[in-house]
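> task: produce atomic coordinates for the following.
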Amino acid sequence: MRILFIGDIYGQKALDYLVEKVPFLKSEYKPNLIIANAENSGPNGRSITHAQYKQLMKSGINYLTMGNHTFKHHELETFIKDANIIKPLNDGINLGVGYKIVNYNDKKLLIINALGTVGMAENYESAFLKIKEILTTQKYDYSLLDFHAEMTSEKIALAYYLDGLVDVVIGTHTHVQTNDARKLPQGTLYITDVGMTGALHGVIGVDAKIIIDRFINGYTVPNKIAEGKNQLNAVIIELSPKRLIQTIHIED
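Model prediction:
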């Protein structure tokens, strides 16, 4: 099984860019399934709208994971029940599902989404034990975890905690692709952060001038999605017959 996982989509411009690149990604990497993190797709980089969800599904994206901004756009509440969306299992919100078992060619893939607890604005319950319980009680052939977390140490610690139990741990949220894609000692494939899909010259998707001003003067201007060139960050994962994880970076 080959899975293409695409990093955090930041805004409509980034979503359009991804949709434009999907045919190339399919041709070049030949994935069986495509998963993307879409928690930043919506207005001002928050949540996702129904129109955007349909656009991604029509393009050939199979499933979406989310993060700490999942329900910042309330429209999602009206369609998440029947959508191919896995939202964080420990966000404390009783909507949607935190994991899903999907079928491909008689094989079952378990997809889990969870939030980190360190350095996040909200107080979330640790997901370590919840994830382990899911991995040890569900029936599946392969498993993939999107761990949406701020701290690299928390991501790495969780990966070692689950090493050998889960096939893949993908880190998301920080929007900067890390140079540590590898196989852990017990066989789990891992990367601390897959990176983002969006503006190349912003500050993790936001207009750089706004963020620079915020560091100097505090919060004075709301976020605005950066303009200009685009980038797409992703990983291609092979689970059989070989086991490997390889980073992908595309830019204008």
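> quick one: contacts of the strand or helix carrying residue 135?
Using DSSP states H and E, residue 135 sits in helix 128-137. With Cβ atoms under 8 Å, 6 or more residues apart in numbering as the test, helix 128-137 has contacts from 89-90, 98-99, 110, 112, 114, 143, 145, 158, 161-162, 165-166. Quick note: C-beta positions are derived from backbone N, CA and C, even for glycine.
> which stretches in the protein count as strands?
With DSSP state E, the ranges of strands along the chain come out as 2-6, 8-9, 33-37, 63-65, 85-86, 99-104, 107-115, 142-148, 168-172, 182-183, 189-191, 196-199, 230-238, 244-251.
> grab the most central residue of this structure for me.
The centroid of the chain falls nearest to residue 37 when counting by Cα atoms, centre = their mean (3.1 Å).
> across the sheet, point out what pairs with it.
Residue 37 has these beta-bridge partners by DSSP bridges: residue 65.
> right, so the strands of the chain: which one is the most enclosed?
Among the strands of the chain, strand 8-9 has the highest mean neighbour count (mean count of other Cβ atoms under 10 Å), at a mean of 30.
> show me what that one is packed up against.
In terms of contacts (3 or more Cβ pairs under 8 Å, 6 or more residues apart in numbering; DSSP states H and E), strand 8-9 is packed against strand 33-37, strand 196-199.
> out of the ones you listed, nearest to residue 59?
With Cβ to Cβ as the criterion, residue 59 lies closest to strand 33-37 of the helices and strands packed on strand 8-9, at 8.9 Å.
> quick one: contacts of that closest one?
With contacts defined as Cβ under 8 Å, 6+ apart, strand 33-37 is touched by 1-9, 18, 22, 25-26, 56, 60-67, 102, 104, 109, 111, 144, 146, 148, 172, 194, 197.
> with stretch 85-98 instead?
The contact list for stretch 85-98, computed with Cβ under 8 Å, 6+ apart, reads 38, 48, 53, 63-68, 70-71, 76-77, 80-81, 83, 99-100, 111-115, 124-127, 130-131, 134, 146, 148.
> try 7 Å
Residues outside stretch 85-98 that contact it (Cβ atoms under 7 Å, 6 or more residues apart in numbering) are 63-67, 70-71, 77, 80, 99-100, 111-115, 124-125, 127, 130, 148.
> picking that back up, in JSON lines: the strands of the chain, plus distance to residue 214 and mean pLDDT.
Shown next, in JSON lines, are the strands of the chain (distance: least, Cβ to Cβ, whole Å; pLDDT from 0 to 100):
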{"stretch": "strand 2-6", "distance to residue 214": "28", "mean pLDDT": "98"}
{"stretch": "strand 8-9", "distance to residue 214": "20", "mean pLDDT": "98"}
{"stretch": "strand 33-37", "distance to residue 214": "24", "mean pLDDT": "98"}
{"stretch": "strand 63-65", "distance to residue 214": "28", "mean pLDDT": "98"}
{"stretch": "strand 85-86", "distance to residue 214": "31", "mean pLDDT": "98"}
{"stretch": "strand 99-104", "distance to residue 214": "35", "mean pLDDT": "97"}
{"stretch": "strand 107-115", "distance to residue 214": "23", "mean pLDDT": "98"}
{"stretch": "strand 142-148", "distance to residue 214": "22", "mean pLDDT": "98"}
{"stretch": "strand 168-172", "distance to residue 214": "23", "mean pLDDT": "98"}
{"stretch": "strand 182-183", "distance to residue 214": "34", "mean pLDDT": "98"}
{"stretch": "strand 189-191", "distance to residue 214": "28", "mean pLDDT": "98"}
{"stretch": "strand 196-199", "distance to residue 214": "17", "mean pLDDT": "97"}
{"stretch": "strand 230-238", "distance to residue 214": "22", "mean pLDDT": "98"}
{"stretch": "strand 244-251", "distance to residue 214": "25", "mean pLDDT": "98"}
